[in-house]
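Enquirer: Structure of the sequence below:
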Amino acid sequence: LGKAVLESKDEEDLIRRSIRIVVRELDARRAVILIIDQPKQKLNLWSYIDGVEDKSQETFPRDSLIVHAIIENKILIKEAYTVDEDDDILDKKFLKDSFIVLPLLGNNQKPFGAICISERIDNTYFKENNLRLLQTISSQFIKGYENIKLNADMIAKKAMQKEIEITRNIQNNILPSKIPSGSNFQLGVKSVPAKDVSGDFYDFYKYEDGQFSFLIADVSGKSLPAAIFMAMSSSVMRTLSRNHEMNPAELLKAANSLIYEDSQSGMFVTLFFIHYDPSIMEIEFASAGHNDQIWIKADDTYEFIKG
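Expert: Model (predicted):
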């Protein structure tokens, strides 16, 4: 079994190798390894019956001796078992004559499945020494299974981190890097994501006639979904805001229609848009559900700007 653990490519490969060892070492005609898939409420089964291997899936939980043994973390060993027609299909299939059901315990000491053997080849019954051997085999199997699972989780986590890094770089490239300047204003920006990536974005643009537009926005939610929605929303806003013909209110109405068409997940974005004409020092603005902005005046008084 140690060799099987070392040579197994993944969880399923280890399970298939292990069940062959169990059948051979314990002289069983029937064996099954059951693994709980909690998120899907399913049992994944790898079975061996009279030389035929199979993989299947059943619902979990269910009214079965095998399943109750897993849930209650209870070892079952019977010298003889007679199948009743009302028994669960799992028991009918895998419990015949003498049997052992051994729950599999993870590092948290909670059962995540079971190994079940039944119907000895010599037609005798399973004894305590058979249970001890099965426990020894299962102990090696559990260590190998959890190591393989941990390794797979680490690989998946690294892949996710790589995707997040790529998303972060794309997001940074979406935000404008060159800050415009004017004769009568200065502009500063800083954006710090709450998580690896952010749903916040901003934009500014200088038109050919010397006027400017400024935008700040916040997408609902955090992390990757917000970043994706941010990319879509910023693209819409950037395209529309380059049109100098619409006033801020008209622009946000047009953007709302386009963003709404692509919002299938219930996500939304709040925006505050400003159009500034430095020649007359006048601003026009509109808000789409965004926080009030603060206008701090030269005399240190301030005023909330509501869209």
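Enquirer: And the residue most central in space within the chain, its phi and psi?
Expert: By CA atoms, centre = their mean, the chain has its centre lying nearest to M160, at 9.5 Å. Main-chain dihedrals, M160, degrees, to the nearest 10: phi -60, psi -40.
Enquirer: And the pLDDT at it?
Expert: Predicted confidence (pLDDT) for M160: 78.
Enquirer: Same check on the one 4 residues further on?
Expert: I164 carries a pLDDT score of 75 in this model.
Enquirer: low pLDDT regions in the chain?
Expert: Applying pLDDT under 70 to the chain flags the ranges 195-196, 223, 264.
Enquirer: show me where it has strands.
Expert: If DSSP state E is used as the criterion, the strands of the chain fall at 28-37, 42-49, 52-59, 76-78, 99-105, 111-120, 200-206, 212-219, 269-277, 282-288, 293-296, 302-305.
Enquirer: Other residues contacting the last one?
Expert: In this case it means strand 302-305. F285, D292, Q293, I294, W295, I296, K297 (CB atoms under 8 Å, 6 or more residues apart in numbering). For glycine as for every other residue, the C-beta is placed from the backbone atoms N, C-alpha and C.
Enquirer: again, only using 7 Å
Expert: Contact partners of strand 302-305, identified using CB atoms under 7 Å, 6 or more residues apart in numbering, comprise F285, D292, Q293, I294, W295, I296.
Enquirer: repeat for the shortest one
Expert: Judged by CB under 7 Å, 6+ apart, the contacts made with strand 76-78 from elsewhere in the structure are L65, A69, S98, F99, I100, V101, F126, L131.
Enquirer: Give me the sheet partners of it and which way each runs.
Expert: strand 99-105 (antiparallel) (DSSP bridges).
Enquirer: Please apply the same query to the third one.
Expert: Applying DSSP bridges, strand 52-59 is found paired with strand 42-49 (antiparallel).
Enquirer: Run the chain-centre distance for the strand it pairs with.
Expert: From the chain centre to the centre of strand 42-49 is a distance of 25 Å (CA atoms, centre = their mean, to the nearest Å).
Enquirer: In it, which residues are buried?
Expert: Of the residues in strand 42-49, L43, N44, L45, W46, S47, Y48, I49 count as buried by neighbour count, 16 or more other CB atoms under 10 Å.
Enquirer: what angle sits between it and strand 28-37?
Expert: Interaxial angle of strand 42-49 relative to strand 28-37 (axes from the mean of the first three to the mean of the last three CA atoms, to 10 degrees): 170 degrees.
Enquirer: quick one: strand 42-49 to strand 111-120, angle?
Expert: Using the same axes, to 10 degrees: strand 42-49 against strand 111-120 is 20 degrees.
Enquirer: Send over strand 42-49 as PDB, restricted to the C-alpha atoms.
Expert: Output in PDB follows, covering the C-alpha atoms of strand 42-49 (Å, rounded to 0.1, in the frame of the first residue of the first chain):
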ATOM      1  CA  LYS A  42     -23.500  12.700  -2.800                       C
ATOM      2  CA  LEU A  43     -21.500   9.500  -2.100                       C
ATOM      3  CA  ASN A  44     -18.800   8.600  -4.600                       C
ATOM      4  CA  LEU A  45     -18.300   4.800  -4.700                       C
ATOM      5  CA  TRP A  46     -15.500   2.800  -6.000                       C
ATOM      6  CA  SER A  47     -16.500  -0.900  -5.900                       C
ATOM      7  CA  TYR A  48     -15.100  -4.400  -6.600                       C
ATOM      8  CA  ILE A  49     -17.500  -7.300  -6.900                       C
END
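Enquirer: Can you tell me what sits against it?
Expert: With CB under 7 Å, 6+ apart as the test, strand 42-49 has contacts from 15-16, 19-20, 23, 29-37, 54-60, 94.
Enquirer: distance of the residue nearest to the centre of the chain from D209?
Expert: In this view, M160 and D209 are 46 Å apart by CB to CB, to the nearest Å.
Enquirer: Neighbour-wise, which one of the contacts of strand 302-305 leads?
Expert: Neighbours here mean other CB atoms under 10 Å. Within the contacts of strand 302-305, the largest count is held by F285, at 18 neighbours.
Enquirer: Show me what that one bridges to in the sheet.
Expert: I274.
Enquirer: I'd like the numbering to begin with 348 instead of 1 from here.
Expert: With 348 as the first residue, the last one maps to F632.
Enquirer: ok, it - contacts?
Expert: For F632, the contact set (CB under 7 Å, 6+ apart) comprises P595, F619, F620, I621, I652, G654.
Enquirer: From D500, how far off is the residue nearest to the centre of the chain?
Expert: In terms of CB to CB, M507 sits 10 Å off from D500.
Enquirer: Repeat that for V379.
Expert: Plainly put, V379 is 25 Å away from D500 if you go by CB to CB.
Enquirer: Looking at the contacts of strand 649-652, which one is closest to Y552?
Expert: The nearest member of the contacts of strand 649-652 to Y552, counting by CB to CB, is F632 at 14.9 Å.
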